[in-house]
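K.L.:
sequence first, predicted coordinates after that:
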Amino acid sequence: MQNHPKLVLASTSPRRRDLVKVLGVEFEFTSADIDESPRDHESPQAMVRRLSYTKASVGARALHDAIVVGVDTIGWLDNEIIGKPRDSAEAVQMLRRLRARSHIVYSGVTVKHDTRIVTHIVTTTVWMRDYSDEEIAAYVATGDPLDKAAAYAIQHTDFRPVARVEGCHANVMGLPLCHLYLALKAFDVPLEEPDRACQAYLQITCPVAREILSIQYSSIQCSSVQYSV
């Protein structure tokens, strides 16, 4: 029987909703429709922190005594944020810029309950393969890139744009599960460590899961940063 407040993920992303099920506990879902525009001179870490906090806060407004999770993910290349493409032409442009290069994926994961807030900032380096213009065109024609940061899905079975990953693989899909586990444990949510289940779900061998899960709970900081929402 559940002995903690209900868990809510403030996201409409099908990928995040599928991934969170790997934790093996019941989540409810709500939308958090917010302005995701970057602010002037805002670092990628500050942006994902702010947006994940805002999503969690908006999601919590009508949810009394719920533990609410907000997540935001962006790409970072050439000192520029790579968000979701506005249209197919911009998706093509993004994928050409990323081709045969590395970029960074940042996620902010914020868990909020009443006035308590825990935020993790997660960084993964991604190397893209040298795919062709024809492959880009075929992938963009599917419509898949249009709702994704940096215009690609690492898990796309036909395009398979990624050559290798340094860091959390699930982070590139928009929900770093080991970090979410640690954040929820700070709220005493009873969970099993997700590394084996995550690797089975993603069909990968993760070299960083045990390192992430070894973070001491005492080192997790409760954020006091407040934003206008």
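P.N.:
Looks like it came in fine.
K.L.:
lowest-pLDDT helix or strand in the protein?
P.N.:
Within the chain, judged by mean pLDDT, DSSP states H and E, the helix or strand with the poorest mean is strand 80-82; its value is a mean of 91.
K.L.:
partner strands of it and their direction?
P.N.:
Using DSSP bridges, the strands paired with strand 80-82 in its sheet are strand 67-77 (antiparallel).
K.L.:
and the helices in the protein?
P.N.:
With DSSP state H applied, the chain shows helices at 14-20, 44-60, 88-98, 133-141, 169-172, 177-185, 195-202, 209-213, listed in chain order.
K.L.:
ok now do the residue sitting nearest the centre point of the chain, which residues does it touch?
P.N.:
Nearest residue to the geometric centre of the chain (CA atoms, centre = their mean): Gly174, 2.7 Å. With contacts defined as CB atoms under 8 Å, 6 or more residues apart in numbering, Gly174 is in contact with 13, 15-16, 19, 71, 73, 107, 149. Yep, even glycine has a C-beta here, placed from its N, CA and C like the rest.
K.L.:
most neighbours of all those, which one?
P.N.:
Counting by other CB atoms under 10 Å, Val71 has the largest number of neighbours within the contacts of Gly174, with 30 neighbours.
K.L.:
dig out what that one forms beta bridges with.
P.N.:
According to DSSP bridges, the partner residues bridging Val71 are Val109.
K.L.:
next up, the contacts around Thr30.
P.N.:
Applying CB under 8 Å, 6+ apart, one finds that Thr30 lies in contact with 8-10, 59, 63, 68.
K.L.:
mind redoing it with 7 Å?
P.N.:
Contact criterion CB atoms under 7 Å, 6 or more residues apart in numbering gives 8, 10, 59 as the residues in contact with Thr30.
K.L.:
could you report the separation of it from Ile117?
P.N.:
Taking CB to CB, to the nearest Å as the measure, Thr30 and Ile117 are separated by 18 Å.
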